[in-house]
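Student: just coords:
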Ligand code: GLY
Ligand code: MN
Ligand code: MN
């Protein structure tokens with residue numbers, strides 16, 4: 001768990017960057033699935049990052065003053081309502097929320113419209129996620145207009161609306177020791193789920209049975225949800241990058257690609273493993289698998305402070321492309337294939353992304369046109385792959401093989417820490433684990 005004082009410290013840090021201004025940050029709305037059934041609720045990541053508060057219908061307002069001691073952290077949230085709590089469960093209410101989550105002030109959410117104009121008065125800048133939700137933008141400009149109407153009484157209205165997200169994205173990019181602890185936990189649960197899938201998968205099962213095991217493993221260890229829709233892709237389905245139907249039969253002789261990770265206390269894990277449905281890699285499968293594994297090892301070695309964001313991708317690409325040439329998938333020299341991008345027939349995505357509260361966490365990848373350097377505390381995935389669709393000029397024994405291997409890593413002072421080492425990935429580890437299952 002991230003302690004309450006860390007959320008306050010994040011708000012203080014944001015306020016110090018705002019200098020003087022008012023940030024208005026709502027949590028996510030509840031989403032109707034159909035008629036009166038709702039999707040499972042997930043708070044907004046920015047709001048949660050600054051509050052630790054998980055209830056819907058809540059808004060954070062930070063009033064930043066030049067004298068930091070005068071700044072105020074204010075929460076608007078649902079009022080206590082014993083009648084509603086009988087139906088929907090516990091809600092903190094402003095009194096308890098203020099105390100437990102350490103806000104300076106807290107008010108019922110219905111007070112937002114009448115209180116915001118006075119909170120904005122005499123501040124020059126409003127910070128919000130402009131353009132994220134047009135209905136919300138309209139509300140914010142409505143409050144600003146109300147302040148403007150008080151001009152004759154000497155009140156000045158904000159003249160600027162700044163996007164708060166770049167400030168928050170940069171803060172979120174660097175994980176604290178506490179955040180890394182939570183991410184390790186998410187990674188560990190997800191790794192266990194992948195191990196279980198390797199132990200339980202047998203020819204004749206369906207992809208959704210394996211998916212059910214993953215979800216069961218996530219929840220029974222206390223993860224609140226999957227961090228994204230699990231991909232459980234047998235055989236040729238592994239060549240569909242965002243395959244989520246998960247309803248096909250798993251056949252002997254095929255590989256199974258699983259891209260699945262859970263979310264713990266808001267933080268995502270994101271792991272892919274690829275293994276043979278019957279526990280033994282064929283020779284063609286092994287060729288491609290070993291190639292992707294070597295590319296991943298090269299990429300992980302390139303995750304070093306000071307290296308550019310792109311260094312792991314470049315390292316993976318060089319290994320993959322040389323392998324494609326050696327295996328007869330691409331023709332030409334390493335440099336010509338890289339330059340012509342012919343490799344994109346088999347490797348069409350990049351090698352990773354930032355990871356954190358969102359599976360594709362925000363944060364700049366480039367600054368002033370240059371890939372930014374990796375720095376301690378940044379967390380990212382390393383996920384090279386290879387996907388071979390049937391085509392005339394492609395050796396037939398590789399057709400319909402899709403492989404991806406994905407780990408989560410944190411940049412350290414000296415290199416990187418792999419957060420997901422407990423999910424087996426060498427051919428020997430995988431075959432041994434799957435052999436155990438046959439011995440039972
Ligand atoms: N699971 C989403 C991704 O790997 O980016
Ligand atoms: Mn990923
Ligand atoms: Mn993934």
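Tutor: All right, it came through fine. Being a predicted model, the structure only gives us computed values, none of them experimental. Ligands and ions are numbered 1, 2, ... in the order given.
Student: secondary structure class for the nearest residue to residue 147 once chain neighbours are set aside?
Tutor: Once flanking residues are discounted, residue 147 sits nearest to residue 157: 3.9 Å by C-beta to C-beta, 6 or more residues apart in numbering. Backbone N, C-alpha and C define where each C-beta goes, glycine included. Taking DSSP: H, G, I helix; E, B strand; the rest coil as the rule, one finds residue 157 in the coil state.
Student: Is it correct that residue 157 is in contact with residue 142?
Tutor: No: here residue 157 does not reach residue 142: they are 11.9 Å apart, not a contact under C-beta atoms under 8 Å.
Student: and the residue nearest to residue 147, how many neighbours does it have?
Tutor: Number of residues near residue 157 (other C-beta atoms under 10 Å) recorded here: 20.
Student: What are the phi and psi values at it?
Tutor: phi -100, psi 150 (degrees, to the nearest 10).
Student: check contacts around it.
Tutor: Residue 157 sits next to 120, 121, 144, 145, 147, 148, 150, 151 when contact means C-beta atoms under 8 Å, 6 or more residues apart in numbering.
Student: Which among these count as buried?
Tutor: The neighbour count (16 or more other C-beta atoms under 10 Å) marks 120, 121, 144, 147, 148 as buried among these.
Student: For the stretch 251-400 of the chain, what lies in contact range of ligand 3?
Tutor: For the stretch 251-400 of the chain, the residues in contact with ligand 3 (C-beta under 5 Å from the ion) are 259, 270.
Student: And the helices in the stretch 251-400 of the chain, which stretches?
Tutor: In the stretch 251-400 of the chain, the helices defined using DSSP state H, counting those that start in this stretch lie at 283-301, 311-326, 334-340.
Student: which intervals of the stretch 301-440 of the chain have sub-threshold pLDDT?
Tutor: 438-440 (pLDDT under 70).
Student: For ligand 3, what's its nearest residue on it.
Tutor: Using C-beta to the ion, the single residue of the stretch 301-440 of the chain nearest to ligand 3 is residue 406, 4.9 Å away.
Student: which phi and psi does that residue have?
Tutor: Dihedral pair for residue 406: phi -130, psi 130, per degrees, to the nearest 10.
Student: that older thread, could I get the buried ones among the contacts of residue 157 as TSV with pLDDT, secondary structure and distance to residue 77?
Tutor: Output for the buried ones among the contacts of residue 157, formatted as TSV (pLDDT from 0 to 100; DSSP: H, G, I helix; E, B strand; the rest coil; distance: C-beta to C-beta, whole Å):
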residue	pLDDT	secondary structure	distance to residue 77
120	98	helix	20
121	96	coil	23
144	97	helix	23
147	97	helix	24
148	96	helix	28
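Student: For the nearest residue to residue 100 once chain neighbours are set aside, the count of nearby residues, please.
Tutor: Counting by C-beta to C-beta, 6+ apart, residue 100 lies nearest to residue 92, which is 6.7 Å off, once chain neighbours are set aside. Residue 92 is flanked by 21 other residues according to other C-beta under 10 Å.
Student: Could you check how far residue 92 is from residue 52?
Tutor: Noted for residue 92: a distance of 12 Å to residue 52, by C-beta to C-beta, to the nearest Å.
Student: Mutual contacts of the two, please.
Tutor: Here residue 92 and residue 52 have residue 101 as joint contacts, going by C-beta under 8 Å, 6+ apart.
Student: returning to what we had before: what does the pLDDT read for the residue nearest to residue 147?
Tutor: Here the pLDDT value assigned to residue 157 is 96.
Student: Tabulate the buried ones among the contacts of residue 157 (JSON lines), appending distance to ligand 1.
Tutor: Putting the buried ones among the contacts of residue 157 into JSON lines (distance: C-beta to the nearest ligand atom, whole Å) gives the following:
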{"residue": "120", "distance to ligand 1": "39"}
{"residue": "121", "distance to ligand 1": "44"}
{"residue": "144", "distance to ligand 1": "38"}
{"residue": "147", "distance to ligand 1": "43"}
{"residue": "148", "distance to ligand 1": "44"}
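Student: can you list the residues you listed in TSV and add distance to residue 379?
Tutor: Shown next, in TSV, are these (distance: C-beta to C-beta, whole Å):
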residue	distance to residue 379
120	36
121	40
144	37
147	40
148	43
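Student: what sits against the residue nearest to residue 100?
Tutor: Taking C-beta under 8 Å, 6+ apart, one finds 53, 55, 77, 80, 100, 101 in contact with residue 92.
Student: Deepest in the core, which of the helices of the stretch 251-400 of the chain is it.
Tutor: Ranked by mean neighbour count under mean count of other C-beta atoms under 10 Å, the helices of the stretch 251-400 of the chain are led by helix 311-326, which reaches a mean of 21.
Student: Got the phi and psi for the residue nearest to residue 100?
Tutor: Dihedral angles for residue 92 - degrees, to the nearest 10 - are phi -70, psi -40.
Student: what about it, distance to ligand 3?
Tutor: 34 Å (C-beta to the ion, to the nearest Å).
Student: and the residue lying closest to residue 366 once chain neighbours are set aside, what does it touch?
Tutor: Using C-beta to C-beta, 6+ apart and skipping the chain neighbours, the partner closest in space to residue 366 is residue 372 (6.4 Å). By C-beta under 8 Å, 6+ apart, the contact list for residue 372 reads 308, 309, 364, 365, 366.
Student: Same list (those) but as a markdown table, adding neighbour count and distance to ligand 2.
Tutor: Formatted as a markdown table, the contacts of residue 372 follow (neighbours: other C-beta atoms under 10 Å; distance: C-beta to the ion, whole Å):
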| residue | neighbour count | distance to ligand 2 |
| --- | --- | --- |
| 308 | 16 | 19 |
| 309 | 22 | 15 |
| 364 | 13 | 18 |
| 365 | 13 | 14 |
| 366 | 11 | 19 |
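Student: what's the most distant pair in those?
Tutor: Greatest spatial distance among the contacts of residue 372 (C-beta to C-beta): 308 and 364, at 12.8 Å.
Student: How many residues are close by whichever residue of the stretch 1-150 of the chain sits closest to ligand 2?
Tutor: Going by C-beta to the ion, ligand 2 is nearest to residue 45 of the stretch 1-150 of the chain, at 16.3 Å. Residue 45: 20 surrounding residues under other C-beta under 10 Å.
Student: Phi first, then psi, for the closest residue to it other than its chain neighbours.
Tutor: Nearest residue to residue 45 in three dimensions, chain neighbours excluded: residue 357, at 4.0 Å (C-beta to C-beta, 6+ apart). Reported as degrees, to the nearest 10, the phi and psi values for residue 357 are phi -60, psi -30.
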